[in-house]
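**Student:** fold the stuff below for me.
(one chain, ligands or ions: 2)
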Amino acid sequence: MLTSVLVVAAWVLQRWTQPLTYFAAAAERLGTDIHSPPLSENGPLEVRTAAKAFNRMQDRVRRLVEDRIALAAAIAHDLGTPITRLRLRAEEIGDAEIREPILQDLQQMRRMVSATLGFARLDFTAEPTEMLDVMSLVQRVADDLSDAGAEVAVNGPKRLPVRSKPVAVQRALTNIVENAVKYGNRARINVTERAGGVEITVDDEGPGIPEALQAEIFEPFRRLPHSTGEATEGTGLGLTVARSLIRGLGGDITVANRAAGGLRVTISLPSFGETHLREWAAQIS
Ligand SMILES: Nc1ncnc2c1ncn2[C@@H]1O[C@H](COP(=O)(O)OP(=O)(O)OP(=O)(O)O)[C@@H](O)[C@H]1O
Ligand SMILES: [Mg+2]
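**Tutor:** Ligands and ions are numbered 1, 2, ... in the order given. Got it, this is the predicted structure:
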(Lines give C-alpha, C1' and ligand atoms only; values in the text may rest on other atoms or scores of the structure.)
(Ligands and ions follow the chains in the order given, each with its own letter.)
Protein backbone atom coordinates (compact mmCIF):
# COMPACT_ATOMS: atom_id res chain seq x y z
CA MET A 1 0.00 0.00 0.00
CA LEU A 2 2.68 2.43 1.12
CA THR A 3 4.74 1.59 -1.97
CA SER A 4 1.88 2.35 -4.33
CA VAL A 5 1.18 5.66 -2.56
CA LEU A 6 4.84 6.56 -2.89
CA VAL A 7 4.91 5.61 -6.57
CA VAL A 8 1.79 7.70 -7.30
CA ALA A 9 3.19 10.64 -5.27
CA ALA A 10 6.49 10.49 -7.16
CA TRP A 11 4.61 10.41 -10.49
CA VAL A 12 2.44 13.42 -9.56
CA LEU A 13 5.46 15.34 -8.30
CA GLN A 14 7.38 14.64 -11.49
CA ARG A 15 4.47 15.84 -13.66
CA TRP A 16 4.24 19.06 -11.65
CA THR A 17 7.92 19.88 -11.66
CA GLN A 18 8.68 18.76 -15.22
CA PRO A 19 7.65 22.06 -16.87
CA LEU A 20 9.66 23.98 -14.26
CA THR A 21 12.79 22.05 -15.08
CA TYR A 22 12.10 22.68 -18.74
CA PHE A 23 11.77 26.46 -18.20
CA ALA A 24 14.87 26.54 -15.97
CA ALA A 25 16.91 24.86 -18.72
CA ALA A 26 15.47 27.23 -21.36
CA ALA A 27 16.30 30.30 -19.23
CA GLU A 28 19.82 28.97 -18.69
CA ARG A 29 20.25 28.56 -22.42
CA LEU A 30 18.85 32.02 -23.21
CA GLY A 31 21.56 33.47 -20.93
CA THR A 32 24.25 32.17 -23.26
CA ASP A 33 22.46 32.19 -26.61
CA ILE A 34 19.87 34.84 -27.45
CA HIS A 35 19.31 33.16 -30.81
CA SER A 36 18.18 29.87 -29.29
CA PRO A 37 14.98 28.54 -30.93
CA PRO A 38 11.64 29.48 -29.30
CA LEU A 39 9.96 27.04 -26.90
CA SER A 40 7.21 24.90 -28.32
CA GLU A 41 3.84 26.37 -27.30
CA ASN A 42 2.13 23.01 -26.63
CA GLY A 43 0.97 21.13 -23.52
CA PRO A 44 -1.43 22.12 -20.72
CA LEU A 45 -2.82 25.72 -20.71
CA GLU A 46 -0.49 26.99 -17.94
CA VAL A 47 2.59 25.64 -19.71
CA ARG A 48 1.43 27.06 -23.04
CA THR A 49 0.83 30.52 -21.57
CA ALA A 50 4.19 30.53 -19.81
CA ALA A 51 5.96 29.33 -22.98
CA LYS A 52 4.32 32.14 -25.02
CA ALA A 53 5.41 34.75 -22.44
CA PHE A 54 8.92 33.30 -22.41
CA ASN A 55 9.14 33.46 -26.22
CA ARG A 56 7.93 37.09 -26.27
CA MET A 57 10.54 38.01 -23.64
CA GLN A 58 13.30 36.27 -25.63
CA ASP A 59 12.23 38.20 -28.73
CA ARG A 60 12.38 41.54 -26.90
CA VAL A 61 15.81 40.76 -25.37
CA ARG A 62 17.16 39.79 -28.79
CA ARG A 63 15.87 42.97 -30.43
CA LEU A 64 17.30 45.13 -27.63
CA VAL A 65 20.76 43.54 -27.92
CA GLU A 66 20.72 43.79 -31.72
CA ASP A 67 19.71 47.49 -31.61
CA ARG A 68 22.56 48.32 -29.22
CA ILE A 69 25.09 46.46 -31.36
CA ALA A 70 23.86 48.19 -34.52
CA LEU A 71 24.15 51.59 -32.79
CA ALA A 72 27.75 50.93 -31.64
CA ALA A 73 28.68 49.74 -35.14
CA ALA A 74 27.08 52.79 -36.78
CA ILE A 75 28.90 55.26 -34.49
CA ALA A 76 32.24 53.50 -34.96
CA HIS A 77 31.73 53.39 -38.71
CA ASP A 78 30.72 57.05 -39.05
CA LEU A 79 33.72 58.24 -37.01
CA GLY A 80 36.05 56.84 -39.68
CA THR A 81 35.45 59.69 -42.17
CA PRO A 82 36.10 62.70 -39.86
CA ILE A 83 39.20 60.96 -38.47
CA THR A 84 40.61 60.53 -41.98
CA ARG A 85 39.79 64.20 -42.78
CA LEU A 86 41.54 65.36 -39.60
CA ARG A 87 44.60 63.25 -40.44
CA LEU A 88 44.87 64.81 -43.89
CA ARG A 89 44.66 68.31 -42.37
CA ALA A 90 47.11 67.47 -39.57
CA GLU A 91 49.67 66.26 -42.10
CA GLU A 92 49.81 69.82 -43.44
CA ILE A 93 51.04 71.22 -40.10
CA GLY A 94 54.62 72.39 -40.59
CA ASP A 95 55.78 72.21 -36.95
CA ALA A 96 56.67 68.55 -36.24
CA GLU A 97 56.33 69.01 -32.46
CA ILE A 98 52.67 69.89 -32.89
CA ARG A 99 51.98 67.60 -35.88
CA GLU A 100 53.38 64.29 -34.57
CA PRO A 101 51.40 64.03 -31.28
CA ILE A 102 48.20 64.90 -33.19
CA LEU A 103 48.91 62.20 -35.79
CA GLN A 104 49.65 59.67 -33.02
CA ASP A 105 46.35 60.45 -31.28
CA LEU A 106 44.47 60.14 -34.56
CA GLN A 107 46.17 56.81 -35.23
CA GLN A 108 45.06 55.59 -31.78
CA MET A 109 41.50 56.81 -32.47
CA ARG A 110 41.49 54.96 -35.78
CA ARG A 111 42.56 51.75 -34.00
CA MET A 112 39.86 52.17 -31.34
CA VAL A 113 37.21 52.70 -34.00
CA SER A 114 38.20 49.60 -35.96
CA ALA A 115 38.42 47.52 -32.74
CA THR A 116 34.92 48.72 -31.74
CA LEU A 117 33.60 47.77 -35.17
CA GLY A 118 35.17 44.32 -34.79
CA PHE A 119 33.66 43.94 -31.30
CA ALA A 120 30.21 45.00 -32.51
CA ARG A 121 30.37 42.49 -35.35
CA LEU A 122 31.32 39.63 -33.01
CA ASP A 123 28.40 37.27 -32.97
CA PHE A 124 29.57 34.07 -31.44
CA THR A 125 26.09 33.25 -30.20
CA ALA A 126 25.50 32.01 -33.76
CA GLU A 127 28.48 29.63 -33.58
CA PRO A 128 27.27 26.06 -33.01
CA THR A 129 28.26 24.25 -29.82
CA GLU A 130 30.32 21.15 -30.53
CA MET A 131 32.57 18.59 -28.93
CA LEU A 132 36.16 19.87 -28.98
CA ASP A 133 39.52 18.87 -27.57
CA VAL A 134 40.69 21.77 -25.40
CA MET A 135 44.29 20.54 -25.53
CA SER A 136 44.60 20.77 -29.32
CA LEU A 137 42.91 24.18 -29.28
CA VAL A 138 45.37 25.45 -26.62
CA GLN A 139 48.28 23.98 -28.56
CA ARG A 140 47.11 25.73 -31.72
CA VAL A 141 47.00 29.11 -29.95
CA ALA A 142 50.48 28.47 -28.51
CA ASP A 143 51.89 27.41 -31.89
CA ASP A 144 50.46 30.46 -33.69
CA LEU A 145 52.09 32.81 -31.18
CA SER A 146 55.36 30.82 -31.09
CA ASP A 147 55.52 31.10 -34.89
CA ALA A 148 55.37 34.86 -34.42
CA GLY A 149 58.42 34.65 -32.12
CA ALA A 150 56.77 34.43 -28.66
CA GLU A 151 57.75 32.04 -25.85
CA VAL A 152 54.68 29.98 -24.97
CA ALA A 153 54.70 26.69 -23.01
CA VAL A 154 51.72 24.33 -22.60
CA ASN A 155 51.02 21.86 -19.76
CA GLY A 156 48.07 19.51 -19.35
CA PRO A 157 46.60 16.12 -20.16
CA LYS A 158 46.93 14.55 -23.61
CA ARG A 159 43.30 15.16 -24.51
CA LEU A 160 40.48 17.00 -22.78
CA PRO A 161 37.09 16.94 -24.53
CA VAL A 162 34.41 19.55 -23.70
CA ARG A 163 31.26 20.80 -25.40
CA SER A 164 31.74 24.45 -26.32
CA LYS A 165 32.29 26.92 -29.19
CA PRO A 166 35.82 26.49 -30.58
CA VAL A 167 36.16 29.83 -32.42
CA ALA A 168 34.99 31.82 -29.39
CA VAL A 169 37.29 29.93 -26.97
CA GLN A 170 40.26 30.30 -29.32
CA ARG A 171 39.67 34.02 -29.74
CA ALA A 172 39.42 34.60 -25.96
CA LEU A 173 42.48 32.50 -25.17
CA THR A 174 44.53 34.19 -27.91
CA ASN A 175 43.80 37.64 -26.44
CA ILE A 176 44.95 36.50 -23.00
CA VAL A 177 48.10 34.69 -24.15
CA GLU A 178 48.98 37.69 -26.36
CA ASN A 179 48.82 39.89 -23.26
CA ALA A 180 51.05 37.51 -21.27
CA VAL A 181 53.65 37.66 -24.03
CA LYS A 182 53.28 41.41 -24.59
CA TYR A 183 53.37 42.55 -20.95
CA GLY A 184 54.97 39.53 -19.26
CA ASN A 185 57.68 38.34 -21.70
CA ARG A 186 56.50 34.73 -21.88
CA ALA A 187 53.38 32.65 -21.26
CA ARG A 188 52.90 29.32 -19.48
CA ILE A 189 49.49 27.76 -20.11
CA ASN A 190 48.18 25.08 -17.71
CA VAL A 191 45.05 23.09 -18.47
CA THR A 192 43.23 21.12 -15.73
CA GLU A 193 40.01 19.12 -15.79
CA ARG A 194 37.38 20.46 -13.36
CA ALA A 195 33.99 19.07 -12.39
CA GLY A 196 31.75 19.91 -15.36
CA GLY A 197 34.43 21.63 -17.42
CA VAL A 198 38.02 22.85 -17.60
CA GLU A 199 40.25 25.46 -16.01
CA ILE A 200 42.94 27.15 -18.10
CA THR A 201 45.54 29.33 -16.37
CA VAL A 202 47.93 31.64 -18.22
CA ASP A 203 50.99 32.76 -16.20
CA ASP A 204 53.54 35.38 -17.17
CA GLU A 205 56.64 37.00 -15.75
CA GLY A 206 55.67 40.66 -16.12
CA PRO A 207 54.88 43.37 -13.56
CA GLY A 208 51.46 41.93 -12.66
CA ILE A 209 48.57 44.33 -11.96
CA PRO A 210 47.92 46.21 -8.69
CA GLU A 211 44.95 44.60 -6.96
CA ALA A 212 42.95 47.83 -6.97
CA LEU A 213 43.12 47.97 -10.78
CA GLN A 214 42.39 44.33 -11.52
CA ALA A 215 38.66 44.88 -12.08
CA GLU A 216 39.22 47.90 -14.36
CA ILE A 217 41.32 46.14 -16.98
CA PHE A 218 38.18 44.38 -18.25
CA GLU A 219 36.52 47.71 -19.05
CA PRO A 220 36.52 48.74 -22.74
CA PHE A 221 39.57 50.83 -23.78
CA ARG A 222 41.13 50.71 -20.30
CA ARG A 223 44.93 50.52 -20.53
CA LEU A 224 47.27 50.85 -17.57
CA PRO A 225 50.11 53.42 -17.66
CA HIS A 226 52.79 50.70 -17.91
CA SER A 227 51.35 49.63 -21.25
CA THR A 228 50.83 52.87 -23.12
CA GLY A 229 54.35 52.99 -24.60
CA GLU A 230 55.20 52.44 -28.25
CA ALA A 231 56.34 48.83 -27.64
CA THR A 232 52.97 47.66 -26.38
CA GLU A 233 50.45 48.96 -28.87
CA GLY A 234 46.84 48.04 -28.22
CA THR A 235 43.33 49.38 -27.93
CA GLY A 236 42.29 48.06 -24.52
CA LEU A 237 39.55 45.83 -25.89
CA GLY A 238 41.32 42.44 -25.72
CA LEU A 239 40.20 41.51 -22.21
CA THR A 240 36.71 43.03 -22.66
CA VAL A 241 36.17 40.77 -25.67
CA ALA A 242 37.74 37.71 -23.98
CA ARG A 243 35.58 37.98 -20.86
CA SER A 244 32.38 38.66 -22.74
CA LEU A 245 33.03 35.58 -24.92
CA ILE A 246 33.83 33.29 -21.98
CA ARG A 247 30.86 34.58 -19.95
CA GLY A 248 28.71 33.96 -23.02
CA LEU A 249 29.81 30.34 -22.76
CA GLY A 250 28.76 30.18 -19.11
CA GLY A 251 32.30 30.57 -17.74
CA ASP A 252 34.38 33.43 -16.33
CA ILE A 253 37.85 35.00 -16.34
CA THR A 254 39.69 36.19 -13.21
CA VAL A 255 43.16 37.67 -12.64
CA ALA A 256 45.56 37.53 -9.68
CA ASN A 257 49.21 38.38 -9.08
CA ARG A 258 51.47 35.36 -8.67
CA ALA A 259 53.53 34.99 -5.52
CA ALA A 260 56.58 34.44 -7.72
CA GLY A 261 55.84 37.67 -9.65
CA GLY A 262 53.84 38.17 -12.84
CA LEU A 263 50.14 37.76 -13.53
CA ARG A 264 47.93 34.67 -13.56
CA VAL A 265 44.76 34.82 -15.66
CA THR A 266 42.30 31.98 -14.97
CA ILE A 267 39.64 30.94 -17.47
CA SER A 268 36.95 28.60 -16.19
CA LEU A 269 34.97 27.02 -18.96
CA PRO A 270 32.01 24.70 -18.38
CA SER A 271 31.17 21.90 -20.75
CA PHE A 272 27.81 22.78 -22.29
CA GLY A 273 25.00 20.34 -21.56
CA GLU A 274 22.46 21.19 -24.22
CA THR A 275 21.22 17.65 -24.58
CA HIS A 276 19.04 17.68 -21.47
CA LEU A 277 17.09 20.69 -22.81
CA ARG A 278 16.41 18.89 -26.08
CA GLU A 279 15.27 15.81 -24.16
CA TRP A 280 12.83 17.88 -22.10
CA ALA A 281 11.60 19.69 -25.21
CA ALA A 282 10.97 16.36 -26.95
CA GLN A 283 9.07 15.04 -23.94
CA ILE A 284 6.81 18.04 -23.54
CA SER A 285 5.88 18.68 -27.18
N1 LIG B 1 49.50 39.96 -18.49
C2 LIG B 1 49.42 41.26 -18.17
N3 LIG B 1 50.35 41.84 -17.35
C4 LIG B 1 50.24 43.15 -17.04
N5 LIG B 1 49.27 43.98 -17.46
C6 LIG B 1 48.33 43.46 -18.26
C7 LIG B 1 48.35 42.08 -18.64
N8 LIG B 1 47.26 41.84 -19.42
C9 LIG B 1 46.61 43.01 -19.53
N10 LIG B 1 47.24 43.99 -18.84
C11 LIG B 1 46.80 45.39 -18.69
O12 LIG B 1 45.42 45.45 -18.97
C13 LIG B 1 45.16 46.37 -20.04
C14 LIG B 1 43.98 45.90 -20.85
O15 LIG B 1 44.31 44.72 -21.58
P16 LIG B 1 43.60 44.41 -22.96
O17 LIG B 1 44.10 43.12 -23.48
O18 LIG B 1 42.13 44.59 -22.75
O19 LIG B 1 44.04 45.61 -23.91
P20 LIG B 1 45.42 45.87 -24.64
O21 LIG B 1 46.32 44.69 -24.55
O22 LIG B 1 45.93 47.16 -24.12
O23 LIG B 1 44.95 46.10 -26.14
P24 LIG B 1 44.33 45.01 -27.16
O25 LIG B 1 42.96 45.53 -27.43
O26 LIG B 1 45.22 45.07 -28.34
O27 LIG B 1 44.33 43.69 -26.48
C28 LIG B 1 46.47 46.43 -20.81
O29 LIG B 1 46.60 47.63 -21.51
C30 LIG B 1 47.49 46.31 -19.70
O31 LIG B 1 47.65 47.57 -19.10
MG1 LIG C 1 45.50 42.80 -25.09
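
**Student:** using the three-state scheme, assign residue 163.
**Tutor:** Per DSSP: H, G, I helix; E, B strand; the rest coil, the local secondary structure of residue 163 is strand.

**Student:** how about residue 220?
**Tutor:** Residue 220 is classified as coil under three-state DSSP.

**Student:** not counting residues beside it along the chain, what's closest to residue 205?
**Tutor:** Once flanking residues are discounted, residue 205 sits nearest to residue 262: 4.4 Å by CB to CB, 6 or more residues apart in numbering. Where you see a C-beta, it was placed from the backbone N, CA and C, and this is true even at glycine.

**Student:** try residue 158
**Tutor:** Residue 158 sits nearest to residue 135 (CB to CB, 6+ apart), 6.7 Å away.

**Student:** any idea how far that neighbour lies from ligand 1?
**Tutor:** Per CB to the nearest ligand atom, to the nearest Å, residue 135 is found 22 Å from ligand 1.

**Student:** ok, how many other residues are close to that residue?
**Tutor:** Counted with other CB atoms under 10 Å, residues neighbouring residue 135 total 17.

**Student:** so who does it touch?
**Tutor:** When contacts are counted by CB atoms under 8 Å, 6 or more residues apart in numbering, residue 135 is found next to 154, 156-160, 191.

**Student:** cutoff 10 Å now
**Tutor:** 154, 156-161, 191, 198 (CB atoms under 10 Å, 6 or more residues apart in numbering).

**Student:** ok, residue 162 next?
**Tutor:** 129-134, 137, 169, 193, 196-198, 249, 269-272.

**Student:** pretty sure residue 68 is touching residue 61, no?
**Tutor:** No: using CB atoms under 10 Å, residue 68 makes no contact with residue 61, being 11.1 Å away.

**Student:** give me the nearest residue to the residue of the stretch 151-285 of the chain found nearest ligand 2, chain neighbours excluded.
**Tutor:** Ligand 2 sits closest to residue 238 of the stretch 151-285 of the chain, with a gap of 2.8 Å, by CB to the ion. Nearest residue to residue 238 in three dimensions, chain neighbours excluded: residue 175, at 4.0 Å (CB to CB, 6+ apart).
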